[in-house]
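Trainee: Give the three-dimensional model of this entry:
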Amino acid sequence: MDTMKNINSQVFVLRNGEKKKIDIKDLVIGDIIEINSGDIIPADIRIIESDDFKVNNSSLTGESELQSRSAEFTNENPLETKNLVFYSTVATEGTATGLVIRTRNHTILDNIFKSIGNQTTDDTPLIKEISQSTYSITRIAIILGIFFFIIALSLGYPLIESIILLIVVIIVHVPKCLSITVTICLSLIVKRMARKNCLVRKLKAIELLGSTSIMCMDKNGVLTQNQLAVTHMWFDNKLIQVDISEKEDLSTFDKNSSTFLDLARCTVLCNRADFKQDSDNLARSIIERECTGNASEIAVLKYIELSNGNVNSVRQENPKVYEIPFNSMNKYQLSIHEMHINNESGDNSQSYLLVMRGGFEQIIERCSTISIDGVDLEMNECKCAFVIVKYDS
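Mentor: Below is the predicted model:
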């Protein structure tokens with residue numbers, strides 16, 4: 001719901017060969033719109049053109065892993081094919097141009113909401129047991145009432161008094177407040193769970209949760225916030241535990257060491273995440289800021305900003321000239337940046353810096369030296385084995 005509240009109120013569209021900026025509510029089927037990184041998709045759209053375009057479908061499917069999208073039709077299932085993006089999902093990387101195919105109350109998300117609202121569910125085991133118990137007790141109460149009614153008549157009591165006795169016996173034995181008591185108990189549990197930031201939509205979910213012994217999940221972001229954080233770093237032959245608060249990095253290691261500065265520069269430059277540049281977002285604390293990019297890159301970006309506070313200046317001093325984006329085949333990301341160095345003659349000479357991040361195995365096999373305490377040491381078999389042991393541990 002928060003995602004839908006944050007959808008931009010206006011969007012650029014191409015109508016009759018002319019580019020216009022219109023309100024989201026004025027979108028119609030057939031409009032051609034532009035989508036950029038950080039945008040929230042305003043309608044169901046078929047991709048026409050794309051440039052390294054990825055979306056986060058967690059608001060729709062619960063899948064937190066970024067999904068690449070292009071103009072290629074790949075699957076009959078609309079949720080699986082690569083040429084469709086849907087209302088309320090988030091564009092995290094790249095750009096795309098698309099054709100609006102569904103708007104407002106006809107989107108896939110709206111159809112899902114309607115199907116959820118129209119579902120009929122069976123009674124839970126607790127409700128069935130309460131109903132069965134109430135039926136059995138009521139039947140026994142009626143039998144006892146008739147029994148005492150017959151005895152009263154046989155003892156010579158008036159008919160009216162015998163009928164009153166029948167009614168009283170039945171009322172006394174029927175558990176009239178059982179359902180009310182159960183509802184109150186479940187409501188108290190809901191209130192207790194709400195204090196722990198757990199929202200219960202239906203009371204019967206409490207009973208189902210109480211009888212659950214094993215819970216299986218296959219996605220991050222379903223029961224979590226899909227947010228990662230830096231907790232440990234390894235450099236200079238030491239494992240450093242990171243301690244951060246809402247406003248500062250409380251870690252005690254030397255943040256001016258050359259090894260850490262090189263590590264910070266590498267993680268900032270070889271990183272496609274960025275803070276959303278609106279004034280309200282930048283006014284928040286670093287931990288609470290909204291970002292574009294995937295979860296792991298955002299975690300590293302926020303930590304370096306907390307620790308060093310110079311992410312934008314480092315990127316401006318080292319503009320990117322080439323990049324190989326991360327993908328599941330290579331398992332690494334690589335970028336090349338300009339470095340301007342003043343030589344002794346006063347002339348500006350230009351050199352380039354290559355930075356790389358990725359899977360441990362992919363990086364270690366491409367390294368010939370390792371930086372320890374500011375000194376580049378050759379990566380012989382002994383040091384390589386030591387690094388691998390540290391990584392495995």
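
Trainee: Could you look up the SS state of Thr212?
Mentor: coil (DSSP: H, G, I helix; E, B strand; the rest coil).

Trainee: residues near it, how many?
Mentor: Other residues within reach of Thr212, judged by other C-beta atoms under 10 Å, total 8. Every C-beta, even on glycine, is put in place using the N, C-alpha and C of the backbone.

Trainee: cool, and Asp31?
Mentor: 21.

Trainee: who's in contact with it?
Mentor: Val13, Leu14, Arg15, Leu99, Val100 (C-beta atoms under 8 Å, 6 or more residues apart in numbering).

Trainee: Let's see that with 6 Å instead.
Mentor: Contacts for Asp31 (C-beta atoms under 6 Å, 6 or more residues apart in numbering) come out as Val13, Val100.

Trainee: can you check the one 4 residues further on too?
Mentor: Ile35 sits next to Ala91, Ala96 when contact means C-beta under 6 Å, 6+ apart.

Trainee: switch the cut-off to 8 Å
Mentor: Contacts for Ile35 (C-beta under 8 Å, 6+ apart) come out as Ile41, Ile45, Phe53, Val85, Ala91, Thr95, Ala96, Thr97, Gly98.

Trainee: now, which of those residues sits nearest Ile29?
Mentor: Ile45 (10.5 Å; C-beta to C-beta).

Trainee: Retrieve the pLDDT associated with that closest one.
Mentor: We have a pLDDT of 88 for Ile45.

Trainee: so what's it closest to, chain neighbours aside?
Mentor: Spatial nearest neighbour of Ile45, excluding adjacent residues (C-beta to C-beta, 6 or more residues apart in numbering): Gly98 at 3.7 Å.

Trainee: try Gly30
Mentor: Val100 (6.5 Å).

Trainee: how many other residues sit next to the one you found?
Mentor: Val100, neighbours per other C-beta under 10 Å, totals 19.

Trainee: mind checking pLDDT for it?
Mentor: Val100 is given a pLDDT of 88.

Trainee: how's the chain carved up into domains?
Mentor: As given by automatic domain parsing, the domain ranges for the chain are 2-117, 125-210, 232-392.

Trainee: Which one, of those, ends up nearest to Cys216?
Mentor: domain 2-117 (13.5 Å).

Trainee: returning to what we had before: and the contacts of Ile35, which of them are in strands?
Mentor: Ile45, Phe53, Val85, Ala91, Thr95, Ala96, Thr97, Gly98 (DSSP state E).

Trainee: so who does Ser50 touch?
Mentor: So Ser50 contacts Arg69, Ser70, Ala71, Gly94, Thr95, Ala96, Thr97 (C-beta under 8 Å, 6+ apart).

Trainee: Quick one: name whatever helix or strand follows the one helix or strand the residue nearest to Gly30 maps to.
Mentor: Taking DSSP states H and E as the criterion, Val100 maps to strand 90-102. Following strand 90-102 in sequence order, the next helix or strand is helix 108-117 (DSSP H and E).

Trainee: now the angle from that next one to strand 90-102?
Mentor: For helix 108-117 against strand 90-102, the angle by axes from the mean of the first three to the mean of the last three C-alpha atoms, to 10 degrees is 80 degrees.

Trainee: on that earlier part again, closest to Ala194 out of the ones in strands among the contacts of Ile35?
Mentor: Ala91 (33.7 Å).
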